[in-house]
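Q: My questions are about this predicted structure, shown below with the sequence.
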Amino acid sequence: MSALLSVQVASKSFGGIRALDGCSFDVQEGSVTGLIGPNGSGKTTAFNVITGYERADSGRVVLRGRPVTRPDPCRMYRLGLARTFQQSRILPGLTALENIVVARSQPWYRLFAQRAPAGETQRAFELLAEFNLVDYANRPAGVLSYGQRKLLEFAAVLMDQPSLVLLDEPTAGINPVMKEAMEAHVRSRNEKGVTFLIVEHEMQFVMRLCDQIVVLDRGRPIACDTPEAVQDDPRVLDAYLGD
Amino acid sequence: MSDALDLEDVVAGYGRGDVLRGLSLHVPAGEITCLVGPNGSGKSTVLRVVSGLITPTRGRVRHIDVEISGLSPRKILERGVAHIPQDRGLFPAMSVWDNVLMGAYISSDRTAVAERIEELAERFPIIRERRRAYAGSLSGGEQKIVEIARSLMLDPSVLCFDEPSIGLEPRARRRVFDLLTELNASGRTILLVEQNARSGLEIAHHGAVLDRGVVQLAASGSELLSDRDIGRLYLGAAD
């Protein structure tokens, strides 16, 4: 396996707080990598730097061996990186169905299209059905509950063919049965070659799903290993898992 | 045992479409009741109806023996029913101390407020240690503790928690659940919505399964935990 994505000595401060402090880690191609750590350890900032929502003060992001100069969200999406947010960012005025269909990346002239191709609508319907959202297909997404918004956002990233998907706390606020559906989706996508980087506090979910886990503490990795090794690592127990 | 909250045939929702469709629920005083169910089943809406953020279009909500449906959120809070919504609800650009003071926004008794915040600062040392820090600079777990402390400013007898453990690291999560148990041990009634259904039901005396806006099943927390069908339909595989 080779690294699909490398974060190299990235630092980012907000006022006096160093959210990332010389942070480096790799995400291997074809892996499901977990990014865990205490609240405030820099996980979401790492996501924002990778996807170009925030500019690192120093350091760089390398994708498929090539440094990405000036990453911005649109460019990263075109390069095959899709993400979800801790606080789901759906389009409240569009219907649930439209939210999924527009996630498909498409040429600019399609912006003027009046309707989506039948195949795409069909696929979007299937995704809605799977996450129990089909009743909302034609209702504005703004009426969805917190958990349903997270499911909708997750379904939307499955609509396109990204090579790397970043999920920010995908299971927060999600019913346990739906968590299993999410897990199955991540696995089946992963088998087809999609790489995942997942921030998550639900340890059983992370331990079952991930091949590799990066543990952040105060803006830098303190461990980077298999789930089994990480669970027994005294530094990790001390910073995060233990009592 | 008398009921702290009693919902009878409640219909409520947002704009077009009802979320609660004739829901009835008893919340016994001095105990923990946990609501579980699929996403969109109406759990958060129940809490909003109780705290007066939404007025039901049909049915009744009683606190002890007084009907509270239709009262303003402020009046309901004055009666001692507090709602701690989902996600981080502190004002990030205000200090920790001021955030906690906001919990007594509706009180005009300054001396009582000043005494109360001192009491809470004894119980939750972080309020004093980080009093001048911006609330937004605390970690997620610390913010949740401050948020819970804020809700205690008016010494409510009923606390409605909407997913208190969401987004928290494992240790902070355990701290929050311990705190809920402690608040209950001091006599408070707790109505809890929790997606970590197993952790929620473990500390709860009573559980209610919501689906499509009605209570499908109410039983003790341990009964729901051990019910195989409930497990398969709502709780997921046991870990």
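A: Done, it's in.
Q: now stretch B:223-234: how far from the chain's centre is it?
A: 23 Å (Cα atoms, centre = their mean, to the nearest Å).
Q: what is the rounded mean pLDDT of that stretch?
A: Average pLDDT, stretch B:223-234: 84.
Q: First residue to last residue on that stretch, what's the distance there?
A: From its first residue to its last, stretch B:223-234 covers 14 Å (Cα to Cα, to the nearest Å).
Q: got the CA coordinates for the longest helix along chain A in CSV?
A: For chain A, the longest helix by residue count, based on DSSP state H, is helix A:176-191. C-alpha atoms of helix A:176-191 as CSV (Å, rounded to 0.1, in the frame of the first residue of the first chain):
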residue,chain,number,x,y,z
PRO,A,176,-27.8,2.2,16.4
VAL,A,177,-29.6,0.3,13.6
MET,A,178,-28.7,3.0,11.1
LYS,A,179,-25.1,2.9,12.4
GLU,A,180,-24.9,-0.7,11.2
ALA,A,181,-26.2,0.4,7.7
MET,A,182,-23.5,3.1,7.6
GLU,A,183,-20.9,0.6,8.6
ALA,A,184,-22.0,-1.8,5.8
HIS,A,185,-21.8,1.0,3.3
VAL,A,186,-18.3,2.0,4.3
ARG,A,187,-17.2,-1.6,4.0
SER,A,188,-18.7,-2.2,0.6
ARG,A,189,-17.3,1.1,-0.8
ASN,A,190,-14.0,0.3,0.7
GLU,A,191,-14.0,-3.1,-1.0
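Q: which of the residues in that helix are buried?
A: By neighbour count, with 16 or more other Cβ atoms under 10 Å in any protein chain shown as the criterion, the buried positions of helix A:176-191 are A:176-179, A:181-183, A:185-186, A:189-190. All C-beta atoms are positioned from the backbone trio N, CA, C, and that covers glycine.
Q: Name the strands paired with the helix or strand just after it and say parallel or antiparallel.
A: Counting by DSSP states H and E, the next helix or strand C-terminal to helix A:176-191 is strand A:195-199. Take DSSP bridges as the rule and strand A:195-199 pairs in its sheet with strand A:32-36 (parallel), strand A:164-168 (parallel).
Q: Quickly check: stretch B:49-56 near chain A or not.
A: No: legend: contact between stretch B:49-56 and chain A by Cβ under 8 Å from any Cβ of the partner chain is lacking; minimum distance shown is 13.1 Å.
Q: In that stretch, which of the residues would be classed as buried?
A: B:49-52, B:54, B:56.
Q: gap between the two ends of it?
A: Taking Cα to Cα, stretch B:49-56 runs 7 Å from one end to the other.
Q: what's next to that stretch, contact-wise?
A: For stretch B:49-56, the external contacting residues (Cβ atoms under 8 Å, 6 or more residues apart in numbering or on different chains) are B:5, B:7, B:10-14, B:20, B:45, B:48, B:61, B:68-77, B:81-83, B:160, B:191.
Q: residues near residue 89, how many?
A: Assuming you mean chain A. Residue neighbour count, defined by other Cβ atoms under 10 Å in any protein chain shown, stands at 12 for A:Arg89.
Q: Please refer instead to chain B.
A: Using other Cβ under 10 Å, B:Gly89 has 16 other residues around it.
Q: cool, A:Met207 as well?
A: Neighbours of A:Met207 (other Cβ under 10 Å): 17.
Q: Could you check how far B:Arg58 is from B:Asp9?
A: According to Cβ to Cβ, to the nearest Å, B:Arg58 and B:Asp9 sit 7 Å apart.
Q: Then A:Val143?
A: For A:Val143, the distance to B:Asp9 equals 23 Å [Cβ to Cβ].
Q: go on, A:Asp232?
A: Using Cβ to Cβ, A:Asp232 is found at 54 Å from B:Asp9.
Q: Quick one: name the residues of chain B near chain A.
A: Going by Cβ under 8 Å from any Cβ, the residues of chain B near chain A are B:14-15, B:17, B:37-40, B:44, B:86-87, B:137-142, B:163, B:166-174, B:195-198, B:233-237, B:239.
Q: remind me which residues of chain B are low pLDDT?
A: B:1, B:237-239 (pLDDT under 70).
Q: The chain: helices as residue ranges?
A: Just going to use chain A. A:43-50, A:73-78, A:96-101, A:118-130, A:146-159, A:176-191, A:203-209, A:227-232, A:234-236.
Q: Please refer instead to chain B.
A: Using DSSP H, the helices of chain B run over residues B:43-50, B:73-78, B:96-102, B:110-123, B:126-129, B:140-151, B:170-185, B:197-203, B:221-226, B:228-230.
Q: Residues in contact with the shortest one: which ones?
A: Spelled out, it's helix B:228-230. B:209, B:217, B:224.
Q: By neighbours, which of those residues wins?
A: B:Leu224 (25 neighbours).
Q: so which of the strands paired with strand A:195-199 comes closest to A:Asn132?
A: Of all these, it is strand A:164-168 that lies closest to A:Asn132, at 18.9 Å by Cβ to Cβ.
Q: where does the closest one sit relative to the chain's centre, distance-wise?
A: The answer for strand A:164-168 is 2 Å, by Cα atoms, centre = their mean.
Q: Report the angle between that strand and helix A:146-159.
A: Orientation check (axes from the mean of the first three to the mean of the last three Cα atoms, to 10 degrees): strand A:164-168 against helix A:146-159 gives 170 degrees.
Q: Tell me what angle strand A:164-168 forms with helix A:43-50.
A: Interaxial angle, strand A:164-168 versus helix A:43-50 (the same axes, to 10 degrees): 150 degrees.
Q: who's in contact with A:Phe196?
A: Contacts of A:Phe196 by Cβ under 8 Å, 6+ apart are A:31-33, A:164-167, A:186, A:189-190.
Q: now do 7 Å
A: Taking Cβ atoms under 7 Å, 6 or more residues apart in numbering or on different chains, we find A:Phe196 in contact with A:32-33, A:165, A:167, A:186, A:190.
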